[in-house]
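Q: sequence? don't have it. structure:
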């Protein structure tokens, strides 16, 4: 599936269909979720649009998805522009499909071909999967700023998970805090580097190495690949979170993704990491931590919204007047504002 | 007064002295406020440090200051690096002191000489005021990031206000949202530009013209001053918030601050603006709006703190486990988390 047109109407005549605010078209969420679970690409696309747009039915969607989540293995791909993330994603999709697995792709990278900022070659290549009902591809970069994406991505993941994806690949560009947060959604994070980009050192500086579960040295047929591998080994030797007995030591895999070389090896390491996560109890811990962060973020957003609602209210205006008059201070005023919420 | 050493102890032996957490030295806030109001520079510096550091006694400080605030006229100075903000600030201080007014300066600009990023000439020049008990100078850029400064600056303003300053000059560098927010603290905002910097157009792009109550074309003895004035007039002619009858139309004043030229004219326009604010009721409206924003920000910070307190708690962990198990969704979990706060 490629991204379906945004206008896709999902109408239901029944009286139970909840109606969104501002006269939006009615959305029958249970029906939509059922159809997504049946593998209907349009229903999946529509659900992702609903969560992306923070639709009024967002909560209903989240509730309907919950019982069907927890199955998908989430693989993050991150790295600087030009290392070949999209080519690698394409090769991984091909290999996973050959193994009979249902695959979702979330491209959270404005420069990704999946997001429209395409090199024609890559774009055409992804079209290989366009007619394959076992592949869902979705760009998360088409609207809103990255903060919004960081927020919407976990929800979109849930949609793909509930829709029966065995694996979801999340492609992010490896710079900045938001991207690191998105990468942290993954069960296994692949950090891609390429020879001659000074990436090993750059990545170390950006803290990106800390999120790596598997290093992929792509374009390994180029000069400098050996040096890049040595750089990574050196940086790894400096320690970090992977020290200690029983710890996972991120392997370094060489690939030429454009020719599918090394891709099976990447998937083998991902599988080894999955087993380690399960054996060490780390997988459950990571998912719980991720859920806790998401709950916190939603709670905080809800509170911010409630505060936003008092903006321009008579209550806030009255408190502000008291502060201006020196009858109270902003802290006591804030306490009273909160007491009124 | 220049910034006093941070270690200044304010001890009181009495049993009423509240003791900060973590065994900090006791602070007798009412005594400190009384001494600041008596013009004791050390007490002023200590109070600003307390609010800047978000001391445990912050709320007590705010409460003690409140009855004594609302007197000071706040003048913001903003503009690109190099336009002469600090030189202009210095000249304004000199003129205001000559008129017998007590003056505070808050430099919220990492590149300001007052913040230590000094040209020696400017630094020395400010030393003129070092022994003058009618001038308080404080850099707000010495610690923390700008977000923190945006938060601490209104509190520091309150300290200077309560300490009896007639005028407080707030110097900010004119780029970025945070600086605009700080500029919005002012009753009257001076936007400084200089010839040949393309500043008129740059400023228009940055939205900085929107905050101007008075334009100051500094270094007006240089080539291009006429063009800069024409640029500003042109940009003004495009309209914006100053359109409409009875509206304030920002005057354009030429200065050579390094030689004190035009400074009296700037102060005359500031005074004209102050009268307009009073006559149009705009001054009270601005202060109320500012107080409302501050109350909101404090309320939100308080809520964020409360959410932060549940991090790692058993309650959040239990909710996260339910989400991972698909027994609930993050939205319902967030609701339950909030209900527990």
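A: Here it is on my side, so go on. The structure displayed is predicted, hence computed values, not measured ones.

Q: helices of chain A, start to end?
A: When secondary structure is read from DSSP state H, chain A shows helices at A:29-37, A:41-52, A:58-65, A:85-98, A:120-127, A:146-162, A:177-183, A:199-206, A:225-237, A:263-279, A:282-310, A:314-324, A:330-340.

Q: just put the ones you listed in CSV and tack on mean pLDDT and distance to residue B:133.
A: Bear in mind the C-beta positions are built from the backbone N, C-alpha and C, glycine included. Converted to CSV, the helices of chain A look like this (pLDDT from 0 to 100; distance: least, CB to CB, whole Å):
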stretch, mean pLDDT, distance to residue B:133
helix A:29-37, 94, 69
helix A:41-52, 89, 60
helix A:58-65, 92, 59
helix A:85-98, 93, 63
helix A:120-127, 43, 69
helix A:146-162, 78, 47
helix A:177-183, 59, 46
helix A:199-206, 57, 49
helix A:225-237, 86, 57
helix A:263-279, 96, 66
helix A:282-310, 84, 42
helix A:314-324, 92, 29
helix A:330-340, 89, 29
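
Q: in TSV, list the ones you listed along with mean neighbour count and distance to chain B.
A: Converted to TSV, the helices of chain A look like this (neighbours: other CB atoms under 10 Å in any protein chain shown; distance: least, CB to the nearest CB, whole Å):
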stretch	mean neighbour count	distance to chain B
helix A:29-37	19	12
helix A:41-52	22	11
helix A:58-65	21	4
helix A:85-98	23	23
helix A:120-127	15	30
helix A:146-162	22	8
helix A:177-183	20	13
helix A:199-206	19	19
helix A:225-237	16	28
helix A:263-279	17	13
helix A:282-310	18	4
helix A:314-324	19	4
helix A:330-340	20	4
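
Q: list the contacts for the most centrally placed residue in chain A?
A: Among the residues of chain A, residue A:153 comes closest to the average C-alpha position under CA atoms, centre = their mean, at 4.3 Å. The neighbourhood of residue A:153, defined by CB atoms under 8 Å, 6 or more residues apart in numbering or on different chains, consists of A:106, A:108, A:140, A:170, A:182, A:185.

Q: neighbours of the fourth one, how many?
A: Around residue A:170 sit 27 other residues, with neighbours defined as other CB atoms under 10 Å in any protein chain shown.

Q: residues in a beta bridge with it, which ones?
A: residue A:76, residue A:106 (DSSP bridges).

Q: I figured it hits residue A:74, correct?
A: Yes: between residue A:170 and residue A:74 there is a contact at 6.3 Å, judged by CB atoms under 8 Å.

Q: which neighbours do these two share?
A: Looking at what touches both residue A:170 and residue A:74 (by CB under 8 Å, 6+ apart), the common residues are A:157, A:185-186.

Q: how about JSON lines for the residues you listed, with distance to residue A:37 added?
A: Below are the shared contacts of residue A:170 and residue A:74 laid out as JSON lines (distance: CB to CB, whole Å):
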{"residue": "A:157", "distance to residue A:37": "15"}
{"residue": "A:185", "distance to residue A:37": "21"}
{"residue": "A:186", "distance to residue A:37": "23"}
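
Q: from those residues, which is closest to residue B:80?
A: Closest to residue B:80 out of these is residue A:185 (40.2 Å), distances taken as CB to CB.

Q: what's the pLDDT at the closest one?
A: The per-residue pLDDT reported for residue A:185 equals 84.

Q: wait, doesn't it sit right on residue A:158?
A: No: counting by CB under 8 Å, residue A:185 does not reach residue A:158; the two are 10.5 Å apart.

Q: quickly list the domain ranges of chain A.
A: What the record gives for chain A is the domain set A:1-68, A:70-280, A:289-340, from automatic domain parsing.

Q: what's the first-to-last distance across the longest one?
A: Read that as domain A:70-280. Taking CA to CA, to the nearest Å as the measure, domain A:70-280 stretches 18 Å from start to finish.

Q: one more: the shortest one?
A: Taking CA to CA as the measure, domain A:289-340 stretches 32 Å from start to finish.

Q: specify the beta-bridge partners of the closest residue to residue A:79 other than its chain neighbours.
A: Closest residue in space to residue A:79, ignoring its immediate chain neighbours: residue A:192 at 3.3 Å, by CB to CB, 6 or more residues apart in numbering or on different chains. Residues in a beta bridge with residue A:192, per DSSP bridges, are residue A:216.

Q: and residue A:192, what does it touch?
A: Applying CB under 8 Å, 6+ apart, the residues near residue A:192 are A:77-79, A:83-85, A:88, A:174, A:216, A:218.

Q: what's the answer for residue A:158, then?
A: A:51, A:62, A:65-66, A:69.

Q: next: residue A:104.
A: So, once contact is read as CB under 8 Å, 6+ apart, residue A:104 ends up touching A:72, A:135-138, A:160, A:163, A:165, A:167-169.

Q: just name the closest of these to residue A:287, please.
A: Taking the contacts of residue A:104 together and measuring to residue A:287 by CB to CB, the closest member is residue A:72, at 11.1 Å.

Q: ok, the closest one touching residue A:156?
A: No: Residue A:72 lies out of contact with residue A:156 (CB under 8 Å); the separation is 11.6 Å.

Q: per-residue confidence at residue A:113?
A: Residue A:113 carries a pLDDT score of 51 in this model.

Q: narrow the contacts of residue A:104 to those in strands?
A: Counting by DSSP state E, the members of those that fall within strands are A:135-138, A:167-169.

Q: which residues touch the closest residue in space to residue A:65 that isn't next to it in sequence?
A: Of all residues not flanking residue A:65 in the chain, residue A:162 sits nearest, at 4.4 Å (CB to CB, 6+ apart). Applying CB under 8 Å, 6+ apart, we find residue A:162 in contact with A:33, A:36-37, A:65, A:68-69.

Q: mind putting the ones in strands among the contacts of residue A:104 into a markdown table with distance to chain B, neighbour count and pLDDT?
A: Putting the ones in strands among the contacts of residue A:104 into a markdown table (distance: CB to the nearest CB, whole Å; neighbours: other CB atoms under 10 Å in any protein chain shown; pLDDT from 0 to 100) gives the following:
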| residue | distance to chain B | neighbour count | pLDDT |
| --- | --- | --- | --- |
| A:135 | 24 | 23 | 86 |
| A:136 | 20 | 28 | 87 |
| A:137 | 24 | 22 | 84 |
| A:138 | 20 | 26 | 82 |
| A:167 | 18 | 23 | 97 |
| A:168 | 16 | 27 | 95 |
| A:169 | 21 | 26 | 94 |
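
Q: from those residues, which is closest to residue B:334?
A: Looking across the ones in strands among the contacts of residue A:104 and measuring by CB to CB, the closest to residue B:334 is residue A:168, at 22.9 Å.

Q: contact partners for the closest one?
A: If a contact means CB under 8 Å, 6+ apart, then residue A:168 has A:72-75, A:103-106, A:157, A:160-161 as its contacts.

Q: and those, which is closest to chain B?
A: Proximity of the contacts of residue A:168 to chain B (CB to the nearest CB) peaks at residue A:161, which lies at 9.5 Å.

Q: ok, the closest one touching residue A:66?
A: No: in this structure, residue A:161 is not within contact of residue A:66 by CB under 8 Å, at 10.2 Å.
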